[in-house]
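Enquirer: Got a sequence here, can you build the structure:
(one chain, ligands or ions: 1)
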Amino acid sequence: MYAQLVTTEGGTPREGMSDQERAFQERIDRNEKIEPKEWMPEGYRKTLIRQIGQHAHSEIVGQLPEGNWIGRAPTLERKAILLAKVQDEAGHGLYLYSAAETLGVSRDELLEALHSGKMKYSSIFNYPTLTWADMGAVGWLVDGAAIMNQVPLQRTSYGPYARAMIRICKEESFHQRQGYDIMMKMCAGTPEQKAMAQDALNRFWYPSLMMFGPSDKDSVHSEQSMAWKIKMNTNDELRQRFVDQTVPQAEYLGLTVPDPDLRWNEDKGGYDFSEPDWSEFYAVIAGNGPCNAERLGARVKAWEDGAWFRDGLMAHADKARARRVAAE
Ligand code: FAQ
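Expert: So this is what the prediction gives:
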């Protein structure tokens, strides 16, 4: 579908665009925000629905691995912090579903696409959270990767998405900090606690690198999405920034990044590092990761368990409407 779209090169409109498409691209190139009721190419609208919807689903599914630990947090304070973080993820999902709804798709349609497997959510949430140290690793690495990807999206071309990202990024910063704080505590604890922290880093390192998507040569959507400023950076650019930011943080903790080929490269001013196993990434996004069935099963069950509540709301709305009509 996307291949049929007329694309741009470096933001310069290409031959073959209609006047309307050219005017739209010029607005994007001038960094004007596009607002819901304005004309936009169908491909722009569909790409946004895909990306924002997938992002919203990630927030909601992303509640599950951490929700798993709320009842087992080691102190009352840790429990309150984790609870607040998981509630924040629900809020992020709601801002993002609302942003997607401004593009003419309903929340029910988006959820139906998630539940039937037509829409994706982030690969990272298909990995299990086995120990308390995983709560540290998720906050530090997963939220850290999410922020690296989302800070540039505050400047994305679609107004409702950009505005949602501003608030989300503020909250994600707190999430990342709380994760690193857990890691600091574990690393300053007993040898067993430090070993748990190392084990969590070992298991979450490569899945976190995968969050940025396939390498640029295999990314399907990057070129067009960047021309439309739906994406502001390539997947590899952001992955590199993440590695450069995170390696010194691991060193400060006294932990070892599980990559024997990790080296500082003076010439490029960044680290050289090993690529994730992309066959694992494609298996996970095709539904065959360690927890895909469990995660989707939990979301479908939550939807079915909530049917009585949605029915009640609709019945109330119908009655209220009937009363209004009778009174008119
Ligand atoms: N997982 O052509 P590209 C969070 C798919 S929020 C699954 O490069 P694109 C907060 C991609 O959809 C995390 N699928 O794609 C939190 C496409 O397949 P399709 C979510 C992936 O869209 C923290 C195919 O591969 N953040 O964590 C992934 O240009 C802690 C080809 O890839 C966002 O969604 C993946 N990792 O670039 C919550 C940010 N990567 O759709 C709880 C917004 C790629 O054609 C706890 N999204 N695919 O069938 C984006 O920036 C982009 O969508 C990318 C992917 C960069 C993720």
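
Enquirer: Can you name the residues of the stretch 151-300 of the chain sitting close to the ligand?
Expert: Residues of the stretch 151-300 of the chain found near the ligand (Cβ under 6 Å from any ligand atom) are 210-214, 219-222, 225, 231, 235, 285. In short, each C-beta sits where N, CA and C put it, glycine included.

Enquirer: 5 Å - rerun?
Expert: 211, 213, 219, 220, 221, 285 (Cβ under 5 Å from any ligand atom).

Enquirer: would you turn those residues into JSON lines with distance to residue 46 and secondary structure?
Expert: What follows is those, written out as JSON lines (distance: Cβ to Cβ, whole Å; DSSP: H, G, I helix; E, B strand; the rest coil):
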{"residue": "211", "distance to residue 46": "23", "secondary structure": "coil"}
{"residue": "213", "distance to residue 46": "18", "secondary structure": "coil"}
{"residue": "219", "distance to residue 46": "17", "secondary structure": "coil"}
{"residue": "220", "distance to residue 46": "13", "secondary structure": "coil"}
{"residue": "221", "distance to residue 46": "11", "secondary structure": "coil"}
{"residue": "285", "distance to residue 46": "19", "secondary structure": "helix"}
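
Enquirer: Over to whichever residue of the chain sits closest to the ligand: give its phi and psi.
Expert: Residue nearest to the ligand within the chain (Cβ to the nearest ligand atom): residue 62, separated by 2.6 Å. Residue 62 adopts backbone torsions of phi -60, psi -10, taken as degrees, to the nearest 10.

Enquirer: And for the nearest residue to residue 187 once chain neighbours are set aside, the neighbour number?
Expert: Leaving aside its sequence neighbours, residue 187 sits nearest to residue 253 (Cβ to Cβ, 6 or more residues apart in numbering; 4.6 Å). Other residues within reach of residue 253 by the criterion other Cβ atoms under 10 Å amount to 20.

Enquirer: how about residue 253, what does it touch?
Expert: Contact criterion Cβ atoms under 8 Å, 6 or more residues apart in numbering gives 183, 184, 187, 197 as the residues in contact with residue 253.

Enquirer: hang on, isn't residue 45 packed against residue 104?
Expert: Yes. Here residue 45 reaches residue 104: they are 7.2 Å apart, a contact under Cβ atoms under 8 Å.

Enquirer: Looking at these two, which one has more neighbours?
Expert: Using other Cβ under 10 Å as the criterion, residue 45 and residue 104 rank with residue 45 on top: 16 against 10.

Enquirer: Next up, phi/psi of the nearest residue in space to that one that is not next to it in sequence, please.
Expert: Taking Cβ to Cβ, 6+ apart as the measure, residue 45 lies nearest to residue 103, with 5.3 Å between them; neighbours along the chain are not counted. Main-chain dihedrals, residue 103, degrees, to the nearest 10: phi -100, psi 10.

Enquirer: Please apply the same query to residue 270.
Expert: Its backbone dihedrals place residue 270 at phi -160, psi 180, with angles given as degrees, to the nearest 10.

Enquirer: Where do the strands of the protein begin and end?
Expert: In the chain, the strands defined using DSSP state E lie at 263-265, 270-272.

Enquirer: and for the first one, what are the contacting residues?
Expert: Under the criterion Cβ under 8 Å, 6+ apart, residues 270, 271, 272 lie in contact with strand 263-265.

Enquirer: most surrounded residue in those?
Expert: residue 271 (18 neighbours).
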